[in-house]
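[1] got a structure for you, letters missing:
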């Protein structure tokens, strides 16, 4: 079962780099400099989620999880120089996903949480590599 949080969930599934995880959470929460927008997230580091796949996340979300999406930190997030997190749709098309770099997370988190934009809007705005870097 996924943890219930007031804010959006960033779930750690790769435990190879504790310092990298901590730096990533700081970067995600840092307000963007121009207007001060920021992602409102709870970073959850619990070894019970080590190695969990997106499909398993979707299955866990069926147990009363109230959010329409979740962010996942996997090995690629930690190892790739841009640190792109996985964003998993839990509502319209459960299991659909894209990646987002930390400095653009505020846009995804804010707009999906408020339903200003939907998941498809972000998928369409991703680069050819499936990573969203901003509009």
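    Structure received. Source: prediction; values computed, not measured.

[2] Point to the helix or strand of this structure where mean pLDDT is at its lowest.
    In the chain, the helix or strand scored least confidently by mean pLDDT, DSSP states H and E is helix 54-61, which has a mean of 93.

[3] Now find how far off-centre stretch 22-38 is within its chain.
    How far stretch 22-38 lies from its chain's middle: 14 Å, per C-alpha atoms, centre = their mean, to the nearest Å.

[4] what comes into contact with it?
    Contact partners of stretch 22-38, identified using C-beta atoms under 8 Å, 6 or more residues apart in numbering, comprise 10, 39, 41, 43, 73, 77-78, 83, 85, 102-103, 105-107, 110. Where you see a C-beta, it was placed from the backbone N, CA and C, and this is true even at glycine.

[5] what pLDDT, on average, does that stretch get?
    Averaging pLDDT along stretch 22-38 gives 94.

[6] ok, back up a step: next SSE downstream of the least confident helix or strand of the chain?
    Sequence-wise, the next helix or strand downstream of helix 54-61 (DSSP states H and E) is strand 69-73.

[7] what about stretch 81-88, how long is it end to end?
    21 Å (C-alpha to C-alpha, to the nearest Å).

[8] What residues does residue 40 make contact with?
    7-8, 109-110, 113.

[9] quick one: it and residue 62, what's the gap?
    The gap separating residue 40 from residue 62 is 24 Å, by C-beta to C-beta, to the nearest Å.

[10] Ok, residue 97 next?
    16 Å.

[11] ok, those two, which is more surrounded?
    Set residue 97 next to residue 62 and count neighbours by other C-beta atoms under 10 Å: residue 97 wins out with 18 against 11.

[12] Identify the spatial nearest neighbour of that one, chain neighbours not counted.
    Take residue 97 and drop its neighbours on the chain: the residue closest to it by C-beta to C-beta, 6 or more residues apart in numbering is residue 88, 4.9 Å away.

[13] Now do the SS call for residue 78.
    Secondary structure, DSSP: H, G, I helix; E, B strand; the rest coil: residue 78 is helix.

[14] thinking it is in contact with residue 14, fair?
    Yes. Using C-beta atoms under 8 Å, residue 78 makes contact with residue 14 at a distance of 5.2 Å.
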